[in-house]
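Enquirer: what's the 3D shape of this:
(one chain, ligands or ions: 1)
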Amino acid sequence: MTAWERRVRLAAHPVAYPLVRAVARIGPVVRVPRVGVVVSDAALARAVLTDTAFTKTGPGSPADLWTPVVGPSVLLNMDGAEHAELRRRLADLFTPRAVADLVGRAPLVLERPLDLVAMTRRLAGAVIAELVGLDPGLAAGPAFAAATAVTGQVRLARPRLTASQIATARAAMAELTGPAEAAYRAGDPATVPGRMRSLGLSEHEARGAVAAFVLTGTETLVSFVPRLVALLLDTGWLDRLAADRSRTDDAVAEALRVTVPSPVMLRSVAVPARIGHLDVRPGERVVIATVSAARALGGFDPDRPHPPELRRLWFGAGPHFCLGMPLAMAEIRTVLDAVLAAHRERPWRIVRRRAAFGVLVPAYRELVLDA
Ligand code: HEM
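Expert: Here you go, the predicted structure:
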């Protein structure tokens, strides 16, 4: 890992990050008081994610954390048949064609100097805005601020938000999701709220989904894209890719493995079960340390293939596998291709960077490139 990757993680989680890494050194499955059963191995993580004994709706699960803020029906806090049906109805918003259209309509301006954090925020904000029927201007600035205000309150050893945090988060989200009512009322099939209406879900539920898409679809990219470009510059790979485009997919996949924008996944034990050699009880919280499972392979090296158990684990596995992955990949490639094209003319270098403190998703606060 580069020194700056380490800095970005520690700025976000000065206590939790070293703790999670230390637990991985103890063993692949470890029960940690106040945190839960921590799984640090890729094959075991995959087994948990694809086993219905583990849910997203019990104590210590994502539902416990998010439902008070976004309501009950937003995929990431659902399970079973209802979850599958909502995903099915949303699926064709994420076909290769649909995501190419969405990303093609979003603004992409590469000025010099270039702050990649601000730029990714504009792009990702505009894309999500279109998807959920919001004004693009609102999604890039205020929406991102609202989302980080909510996620920034979450800590590993705090499975639920306090009443006052919930009130603050709901107010921030209400400002954001109010305008999405129009998309719901119009029943526009090109938007998430419109699709939810056709499924018979309420306006309240659709507003929650808008909040959830802004939460899942902006911070992850604003985290990843600048970290990707910084990694490529710090390791000399941006020059290699500028000379040989055919390696771009491998470099992006490897940067996802090294950065793991969504560093942990949470589950709750529904029925007595076993993870590796450890018996777990209903109501226990399971913390899948994706970051540890991915890091076990070593430092950034796009020449080394990923073993099958690790493949795309940073997007999850099983029924909750990241719905937005095709969209995320299209946005990543759009920015990276533009950065590479400009690099061929006048090579970029990093002139200024700062890590973001007190955030849930580790990120740069600013990453400024110039020639
Ligand atoms: C590099 C960027 C991204 C990463 C690393 C990422 C990662 C993940 C992961 C790990 C999960 C599964 C969580 C779990 O099982 O507990 C997930 C779910 C999800 N992601 Fe992404 N994501 C990214 C971008 C996006 C984007 C751009 C969207 C926009 C629509 C999105 C929408 C979602 C949704 C809606 C879910 C919930 C799916 C469900 O529960 O059925 N993600 N993501």
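
Enquirer: residues from the stretch 1-150 of the chain in reach of the ligand?
Expert: Leu75, Leu76, Arg87 (C-beta under 6 Å from any ligand atom). Every C-beta, even on glycine, is put in place using the N, C-alpha and C of the backbone.

Enquirer: Which of the three states applies to the last one?
Expert: Under DSSP: H, G, I helix; E, B strand; the rest coil, Arg87 falls in the helix class.

Enquirer: right, and it touches Phe321 too?
Expert: No - between Arg87 and Phe321 there is no contact under C-beta atoms under 8 Å: 9.5 Å.

Enquirer: Contacts only, for the one residue in the stretch 201-350 of the chain that gets nearest to the ligand.
Expert: The ligand sits closest to Gly324 of the stretch 201-350 of the chain, with a gap of 2.1 Å, by C-beta to the nearest ligand atom. Shown in contact with Gly324 (C-beta atoms under 8 Å, 6 or more residues apart in numbering): Phe94, Phe213, Thr216, Gly217.

Enquirer: Tell me how far the first one lies from Leu102.
Expert: Using C-beta to C-beta, to the nearest Å, Phe94 is found at 9 Å from Leu102.

Enquirer: Give me the common contacts of these two.
Expert: Joint contacts of Phe94 and Leu102 (C-beta under 8 Å, 6+ apart) are Leu327.

Enquirer: what about the strands in the stretch 101-250 of the chain?
Expert: 114-115 (DSSP state E, counting those that start in this stretch).

Enquirer: just for it, where's the confidence low?
Expert: Residue ranges of the stretch 101-250 of the chain with pLDDT under 70: 137-143.

Enquirer: Okay, helices next: where are they in it?
Expert: Shown for the stretch 101-250 of the chain, the helices assigned by DSSP state H, counting those that start in this stretch span residues 116-132, 136-138, 144-151, 163-177, 181-186, 192-198, 203-217, 219-234, 237-243, 248-259.

Enquirer: Which one, of the ones you listed, ends up nearest to Val70?
Expert: Between Val70 and the helices of the stretch 101-250 of the chain, the tightest spacing by C-beta to C-beta is seen for helix 203-217, at 4.1 Å.

Enquirer: that older thread, mean neighbour count added to the helices of the stretch 101-250 of the chain, as CSV?
Expert: Output for these, formatted as CSV (neighbours: other C-beta atoms under 10 Å):
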stretch, mean neighbour count
helix 116-132, 24
helix 136-138, 16
helix 144-151, 21
helix 163-177, 17
helix 181-186, 18
helix 192-198, 22
helix 203-217, 24
helix 219-234, 25
helix 237-243, 18
helix 248-259, 21
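
Enquirer: would a markdown table of these with distance to Val38 be doable?
Expert: Output for these, formatted as a markdown table (distance: least, C-beta to C-beta, whole Å):
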| stretch | distance to Val38 |
| --- | --- |
| helix 116-132 | 30 |
| helix 136-138 | 38 |
| helix 144-151 | 21 |
| helix 163-177 | 24 |
| helix 181-186 | 39 |
| helix 192-198 | 33 |
| helix 203-217 | 23 |
| helix 219-234 | 22 |
| helix 237-243 | 32 |
| helix 248-259 | 19 |
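
Enquirer: burial count for Ala3?
Expert: Using other C-beta atoms under 10 Å, Ala3 is surrounded by 8 other residues.

Enquirer: quick one: it from the ligand, how far?
Expert: Here the criterion is C-beta to the nearest ligand atom, to the nearest Å. By it, Ala3 lies 22 Å from the ligand.

Enquirer: Also Asp92?
Expert: Relative to the ligand, and taking C-beta to the nearest ligand atom, Asp92 is found at 13 Å.

Enquirer: With Leu134 instead?
Expert: The value you get for Leu134 to the ligand, if C-beta to the nearest ligand atom is used, is 13 Å.

Enquirer: same deal with Leu114?
Expert: 20 Å.
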